[in-house]
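> okay, sequence plus prediction incoming.
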Number of protein chains: 2
Amino acid sequence: MAKEARPGTGEQAKQLALAKLRQAILRGEMAPAQRLVENELAEQFGVTRASVRAALIDLASEGLVERIPNRGSRVRVVTVEEAVAITECRMVLEGLCAAKAAVEASEEQLAQLTELGEAMSKAVADGEPVTYSELNNELHSRIQEFSGQQVAEGLLERLNAQLVKHRFQLALRPGRPQRSLSEHLAVIEAIIARDPQAAEAAVRAHLGSVIEAYRD
Amino acid sequence: MAKEARPGTGEQAKQLALAKLRQAILRGEMAPAQRLVENELAEQFGVTRASVRAALIDLASEGLVERIPNRGSRVRVVTVEEAVAITECRMVLEGLCAAKAAVEASEEQLAQLTELGEAMSKAVADGEPVTYSELNNELHSRIQEFSGQQVAEGLLERLNAQLVKHRFQLALRPGRPQRSLSEHLAVIEAIIARDPQAAEAAVRAHLGSVIEAYRD
DNA sequence: GTCGGCAAAATTGTTGACAATCCTGTTGGC
DNA sequence: GCCAACAGGATTGTCAACAATTTTGCCGAC
């Protein structure tokens, strides 16, 4: 699943359409619940309708768009309840990754985590929520990578794609980075200490607080 | 050749192809790593190639088939390592569901679980591994359903589809049902006791033993 | 004035044909 | 005899046109 989506290389028409559409949706250029008419998209992206169609099927299985038979496609809106449910799944899956990472990661990789933690602290101290948000994503990705759990990684990639909007909004909330930071540092610390149970607990605590934040 | 239009059904061709293909793969009618040629499938199922194509894209995102650009589709073979990784994900996700079910389930639903547990005990006592395996699936499904966690349910559905073969093999292993049974009963007991932490721990213990069993 | 049905427009689903790509077996040169 | 280039066949990717379905605007009946 999740064939590589590299917008840079010259790929097939369908994959190009897929990349463009995904990018447009993730950037929020498509209004929530906006109708996605195959003909319009085909003209807009300079590909044929069949390619757009295939791309839409792919995106539907990723949960980014909703397809109703004979009635067309729309960008899927993620309600707050869904965001909470998704984050609950993230909670356990990232917990698994963190626990495995605490056991599997190399010393070099642990050093990378330490570095990331320092960069995040600096971003918060400097009051740069966007940079912090990016480092945040980076940290989560790295933990997944270091865990070697590719199945969980794939599932999380899909889940996160549905949350981009909510996550971004959350990062801009005043006071949120400070709290988030300390939770993240706790995760890093537990992994470096090679304590899988503590790492899992720390991740859960963190995402638990994210869930609380969503519920406003 | 006998492309009967089936006037009564009116089902969509793609979804029909998808259902047939999935069924064929799940039943093991397709040899492992067998090449899936779009033309052959189209003729075999009495639909057009485009429909088969769409179905294959869907199945690829479900992880049942593997699609290589310009080179076709094959049924994906799940190695033992992958089966373990998948089960690790099931472990945490079903743990989440069990914990939520322990809180959310109605009294009536708890009664259903009790019933299921008794049926499973009987199946083991009667030495009917197939019946037991079916009840086993039923139990897992019910717990997911009772949890109300639709996101996790969707993820698990996808993961389980990839494991059907391994799960079935496991069920037929001598001595396995006995051990499995006691673990399942522990899960049921914890949920009925409305103890989410114990329920999660019991599910994890169970799937942990499944992982051990896979590693032979 | 409102409701039910009807026809036209818009949109998706499907089809068959065409082009691009990849694998295979063969041939020619060294 | 072995390796590289080359045709041949097979398979996927793409395209434009056609059919089926749904939605929408409209008209007439009550």
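Looks like it came in fine.

> how much space separates the residue in chain A positioned nearest to DNA strand C from residue B:22?
Nearest residue of chain A to DNA strand C: residue A:72, at 3.3 Å (C-beta to the nearest atom of the strand). All C-beta atoms are positioned from the backbone trio N, CA, C, and that covers glycine. For residue A:72, the distance to residue B:22 (C-beta to C-beta, to the nearest Å) stands at 24 Å.

> more crowded one of the two?
Neighbours per residue (other C-beta atoms under 10 Å in any protein chain shown) separate residue A:72 from residue B:22, with residue B:22 holding more: 17 against 14.

> find me the pLDDT at that one, would you?
Looking at residue B:22, its pLDDT is 89.

> can I assume it is in contact with residue B:64?
Yes. With contacts counted by C-beta atoms under 8 Å, residue B:22 reaches residue B:64, the gap being 6.7 Å.

> can you list residues touching both of these two?
Taking C-beta atoms under 8 Å, 6 or more residues apart in numbering or on different chains as the contact rule, residue B:22 and residue B:64 both touch residue B:161.

> tell me the contacts of residue A:149?
Residue A:149 makes contacts with A:96, A:97, A:100, B:85, B:88, B:89, as judged by C-beta under 8 Å, 6+ apart.

> out of the residues you listed, which is most surrounded?
That'd be residue A:97 among the contacts of residue A:149, by other C-beta under 10 Å, with 31 neighbours.

> list the contacts for residue A:155?
A:89, A:93, B:89, B:155.

> now do the SS call for it.
Per DSSP: H, G, I helix; E, B strand; the rest coil, the secondary structure class of residue A:155 is helix.

> what's the pLDDT at it?
With respect to pLDDT, residue A:155 has a value of 96.

> phi, psi for the nearest residue to residue A:72 once chain neighbours are set aside please.
In space, and not counting its chain neighbours, residue A:72 is closest to residue A:35: 5.9 Å by C-beta to C-beta, 6 or more residues apart in numbering or on different chains. Per-residue torsions, residue A:35: phi -70, psi 140 (degrees, to the nearest 10).

> tell me the pLDDT at residue A:35?
pLDDT, residue A:35: 87.

> that one bridge partners, please.
Beta-bridge pairing for residue A:35 (DSSP bridges): residue A:74.

> surely residue A:89 touches residue B:93?
Yes. The pair residue A:89 / residue B:93 is scored as a contact, 6.6 Å apart, by C-beta under 8 Å.

> give me the common contacts of those two.
Residues touching both residue A:89 and residue B:93 (C-beta under 8 Å, 6+ apart): B:152, B:155.

> ok, and for stretch A:154-173, which residues are buried?
By neighbour count on 16 or more other C-beta atoms under 10 Å in any protein chain shown, the buried set for stretch A:154-173 is A:154-156, A:158-167, A:170-171.

> and what about the most centrally placed residue in chain A, helix, strand or coil?
Closest residue to the average C-alpha location of chain A: residue A:160 at 2.8 Å, with C-alpha atoms, centre = their mean. Look at residue A:160: counting by three-state DSSP, its state is helix.

> and it, what does it touch?
Residue A:160 touches A:90, A:140, A:167, counting by C-beta under 8 Å, 6+ apart.

> so of these, which ones are in helices?
A:90, A:140, A:167 (DSSP state H).

> and those near chain B, which?
Filtering the ones in helices among the contacts of residue A:160 for proximity to chain B by C-beta under 8 Å from any C-beta of the partner chain leaves nothing.

> closest one of those residues to residue B:116?
Ranking the ones in helices among the contacts of residue A:160 by separation from residue B:116, with C-beta to C-beta as the measure, puts residue A:90 on top at 29.7 Å.

> per-residue pLDDT of residue A:51, please?
89.

> again, but for residue A:9
For residue A:9, pLDDT reads 33.

> what's near enough to touch residue A:102?
Shown in contact with residue A:102 (C-beta under 8 Å, 6+ apart): A:190, A:191, A:193, A:194, A:195, A:196, A:198, A:199.

> quick one: the lowest-mean-pLDDT helix or strand in chain A to chain centroid distance?
Lowest by mean pLDDT, DSSP states H and E among the helices and strands of chain A is helix A:13-26, with a mean of 84. Remark: helix A:13-26 is offset 17 Å from the chain centroid, using C-alpha atoms, centre = their mean, to the nearest Å.

> do stretch A:91-102 as well
15 Å.

> let me know the pLDDT of the most far-flung residue of chain A relative to its centre.
No residue in chain A sits farther from the centre than residue A:70, which is 30.7 Å out by C-alpha atoms, centre = their mean. Reported pLDDT at residue A:70 in the predicted model: 88.

> repeat for the one 5 residues further on
At residue A:75 the predicted local distance difference test score is 91.

> is it true that it touches residue A:29?
No. In this structure, residue A:75 is not within contact of residue A:29 by C-beta under 8 Å, at 9.9 Å.

> more neighbours: which of those two?
Between residue A:75 and residue A:29, counted using other C-beta under 10 Å, residue A:75 has the larger neighbour count: 21 against 10.

> chain A against chain B: which residues are in contact?
Residues of chain A lying near chain B by C-beta under 8 Å from any C-beta: A:1, A:3, A:12, A:15, A:50, A:53-54, A:57-58, A:61-62, A:69, A:82, A:85-86, A:88-89, A:91-93, A:95-96, A:149-152, A:155, A:159.

> got the buried residues for the host helix or strand of residue A:138?
Taking DSSP states H and E as the definition, residue A:138 sits inside helix A:129-147. Buried residues in helix A:129-147, defined by neighbour count with 16+ other C-beta under 10 Å: A:129, A:131-133, A:135-136, A:139-140, A:142-147.

> and for residue A:81, the neighbour number?
11.

> tell me the spacing between it and DNA strand D.
Residue A:81 is 25 Å from DNA strand D, where distance means C-beta to the nearest atom of the strand, to the nearest Å.

> what of residue A:82?
The gap separating residue A:82 from DNA strand D is 23 Å, by C-beta to the nearest atom of the strand.

> measure residue A:20 to DNA strand D for me?
Taking C-beta to the nearest atom of the strand, one finds residue A:20 at 13 Å from DNA strand D.

> what sits against residue A:77?
Contacts of residue A:77 (C-beta under 8 Å, 6+ apart): A:32, A:33.

> got phi/psi on it?
In terms of degrees, to the nearest 10, the main-chain angles of residue A:77 are phi -100, psi 130.
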